[in-house]
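*Asks:* fold the following.
(one chain, ligands or ions: 2)
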Amino acid sequence: MKIAVQKFGGTSLATAEARSRVCEIIASTKAEGISVVVVVSAMGRKDAPYATDTFINMVKEVNPNASLRELDMVMSCGEIISGVLLSVQLSVRGIEARFLNGEQAGIVTDGNFGDAHILYIDPRNIIECLQKDIVPVVAGFQGISENGELTTLGRGGSDTTASALGVALNASIIDIFTDVEGIMTADPRIVKNARLLNSVTYNEICQLSREGAKVVHPRAVEIAMHNNIPLRVRSTFSDSPGTLITHQMQGLKNIREIRDRLITGIAHTSDIVQIKIDIGELKERKDVELKIFKSLALAGISVDFINIQPEFIMFTVASEYAEKALAVLETINIHPEIEVDCAKVAVVGAAMTGVPGIMARVIEALNENSIPILQSGDSYTNIWCLVKKEHMEQAVKALHDKFELGNI
Ligand code: ADP
Ligand code: MG
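*Replies:* Ligands and ions are numbered 1, 2, ... in the order given. From the prediction side, this is the model:
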């Protein structure tokens, strides 16, 4: 049995019209003799009536410190609503379908509410559906712990569900349907001439999505990669072939080209706060660096872009944790300087290591646009700069132009 896992994101399910497009995609795949397993996200984007954030806000209005367990219960509702609607709409269209929640789909996770990991999948119910030619419509982003508690899988969780099911069912492809043509050289909402990448490696996409290109979640890419199942990112609303993600770039004959490309694209993340601590004055205090990072870790605050110099320490936290971070630092009598409303722009290219001149071009692009760099760093696969959020879009465009990534 040839199986395709097809995951549909929020915008693909937001209206009856969009869902009817989804039904057509499923019908045409079945017509090719392929068994389809559907995974759904919640309907719509942030602030939509049945979006996950809307449910979280409802609970947090009652109690901002509601337990993670209760939050997971309400956070799992969006996928149930969209999944049931789609399954009912499929039946009306003449395609027999059955909605399965995470537990019914056999998705067993650890007990880490809000960011659970899938331990294993028992696909019995799904296989039973497929054998009866019924399309299983699985709620993404949720599972059940071994103790029988409902859990959710964290950001991008429906992508993860799709990949994990693809592996459990040994699918021939995992299709991630969304509202853009595929993976582009930058977010097409910012860069109008961003180019569609027809074929990319798992490695390139992992890097790009880790740096903020949220079109597919890195965890989902890793799961597919380890099990060598091809992933495809494509649009629900057009017939474009999308982006195929495998171990090798397709269609390249020259052996020298069968590697990651120099620059894959430009990614961005916003809502970052930079924290600067002058430790020059604190020198007499022993192990001050250790105390800072230990106390933040104990409070469960994840820090990024750490830069330790003899006189100061710099790092960033996500804006939502900034207040908590400052409160923690206060308890150890540290009063940092902070820079709110920052964003990170990253030039990503898994083959850039050792290639000279890339940093110079990054600086040139930002200087030409008078964009101050607040901090920078690099790894084997990317160069990133922290800038003010108000400069983020301009910085993404400038870097995209500088590296000539767009359609001409
Ligand atoms: P879904 O709800 O379908 O999961 P997401 O919002 O998670 O959709 O991901 C799709 C969005 O990702 C696009 O609308 C686009 O704005 C954004 N995006 C960011 N970077 C990229 C990129 N490099 N290529 C394509 N889309 C991108
Ligand atoms: Mg998504």
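
*Asks:* what parts of the stretch 151-300 of the chain come near ligand 1?
*Replies:* 178-180, 183-184, 186-189, 213-215, 265 (CB under 6 Å from any ligand atom). In short, each C-beta sits where N, CA and C put it, glycine included.

*Asks:* the helices in the stretch 301-408 of the chain, which residues?
*Replies:* 319-331, 358-368, 392-402 (DSSP state H, counting those that start in this stretch).

*Asks:* next, count neighbours for I80.
*Replies:* Each residue near I80 was counted by other CB atoms under 10 Å, and the total is 17.

*Asks:* in a strand, that's where it is, yeah?
*Replies:* No - under DSSP: H, G, I helix; E, B strand; the rest coil, I80 sits outside any strand and is assigned helix.

*Asks:* run through the residues that contact the closest residue to it other than its chain neighbours.
*Replies:* What sits nearest to I80 in space, not counting adjacent residues and going by CB to CB, 6 or more residues apart in numbering, is A139, at 5.6 Å. A139 makes contact with V39, V40, S76, E79, I80, G83, F99, L100, N101, G102, A105, T161 under the criterion CB atoms under 8 Å, 6 or more residues apart in numbering.

*Asks:* take the residues you listed and keep only those in helices.
*Replies:* E79, I80, G83, T161 (DSSP state H).

*Asks:* what residues sit buried inside the host helix or strand of I223?
*Replies:* Per DSSP states H and E, I223 falls inside helix 218-226. For helix 218-226, a neighbour-count test (16 or more other CB atoms under 10 Å) marks P218, R219, A220, V221, E222, I223, A224, M225 as buried.

*Asks:* go ahead and confirm the last one touches V200.
*Replies:* No - assessed by CB atoms under 8 Å, M225 is found out of contact with V200, at 11.7 Å.

*Asks:* quick revisit: what is the nearest of the residues of the stretch 151-300 of the chain next to ligand 1 to A16?
*Replies:* D179 (16.4 Å; CB to CB).

*Asks:* now for the residue lying closest to that closest one once chain neighbours are set aside, how many residues are close by?
*Replies:* Excluding the flanking residues, the one nearest D179 by CB to CB, 6+ apart is T11, at 4.2 Å. Using other CB under 10 Å, T11 is surrounded by 19 other residues.

*Asks:* isn't T11 right up against V180?
*Replies:* No - counting by CB under 8 Å, T11 sits too far from V180 to count as a contact (9.5 Å).

*Asks:* could you pull out the helices for the stretch 1-150 of the chain?
*Replies:* Secondary structure of the stretch 1-150 of the chain (DSSP H, counting those that start in this stretch): helices at 16-31, 52-62, 68-75, 77-92, 124-131.

*Asks:* name the SS class of S270, please.
*Replies:* Classified using three-state DSSP, S270 is strand.

*Asks:* that one is in contact with M392, isn't it?
*Replies:* Yes - using CB under 8 Å, S270 makes contact with M392 at a distance of 5.9 Å.

*Asks:* neighbour count winner among those two?
*Replies:* More crowded of S270 and M392, by other CB under 10 Å: M392, with 21 against 15.

*Asks:* excluding its backbone neighbours, what's nearest that one?
*Replies:* With sequence-adjacent residues excluded and distances taken as CB to CB, 6+ apart, M392 is closest to A343, at 3.8 Å.

*Asks:* distance of that neighbour from E103?
*Replies:* Applying CB to CB, to the nearest Å, the value for A343 to E103 is 39 Å.

*Asks:* now N367
*Replies:* Here the criterion is CB to CB. By it, N367 lies 55 Å from E103.

*Asks:* neighbour count winner among the two?
*Replies:* A count of neighbours by other CB under 10 Å puts E103 above the other of N367 and E103, at 18 against 12.

*Asks:* and the closest residue in space to the more buried one that isn't next to it in sequence, bridged to which residues?
*Replies:* Excluding the flanking residues, the one nearest E103 by CB to CB, 6+ apart is I144, at 4.0 Å. Judged by DSSP bridges, the bridge partners of I144 are V108, L150.

*Asks:* list the contacts for T269?
*Replies:* Here T269 is in contact with E211, G212, A343, K344 (CB under 8 Å, 6+ apart).

*Asks:* so what's the backbone phi/psi at the residue in the stretch 1-150 of the chain that ligand 1 sits nearest to?
*Replies:* With CB to the nearest ligand atom, the shortest gap between the stretch 1-150 of the chain and ligand 1 falls at G9, namely 1.8 Å. Main-chain torsions, G9, degrees, to the nearest 10: phi -80, psi 180.

*Asks:* quick one: contacts for it?
*Replies:* Applying CB under 8 Å, 6+ apart, one finds that G9 lies in contact with S41, S158, I176, F177, T178, D179, T236.

*Asks:* what about the residue of the stretch 251-400 of the chain found nearest ligand 1, distance to R210?
*Replies:* Closest residue of the stretch 251-400 of the chain to ligand 1, CB to the nearest ligand atom: G265 (5.3 Å). According to CB to CB, G265 stands 12 Å off from R210.

*Asks:* more neighbours: which of those two?
*Replies:* Each of G265 and R210 has its neighbours counted (other CB under 10 Å); G265 has more, 30 against 19.

*Asks:* the more buried one against G182, yeah?
*Replies:* No - in terms of CB under 8 Å, G265 does not count as a neighbour of G182; the distance is 11.7 Å.

*Asks:* shared neighbours of those two, anything?
*Replies:* L197.

*Asks:* circling back: tabulate the helices of the stretch 301-408 of the chain (TSV), appending distance to ligand 1.
*Replies:* Below are the helices of the stretch 301-408 of the chain laid out as TSV (distance: least, CB to the nearest ligand atom, whole Å):
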stretch	distance to ligand 1
helix 319-331	18
helix 358-368	18
helix 392-402	10
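
*Asks:* quick one, which of these is packed in tightest?
*Replies:* Neighbour counts (mean count of other CB atoms under 10 Å) averaged over each of these peak at helix 392-402, with a mean of 21.

*Asks:* angle of that one against helix 358-368?
*Replies:* Our comparison of helix 392-402 with helix 358-368, counting by axes from the mean of the first three to the mean of the last three CA atoms, to 10 degrees, yields an angle of 130 degrees.
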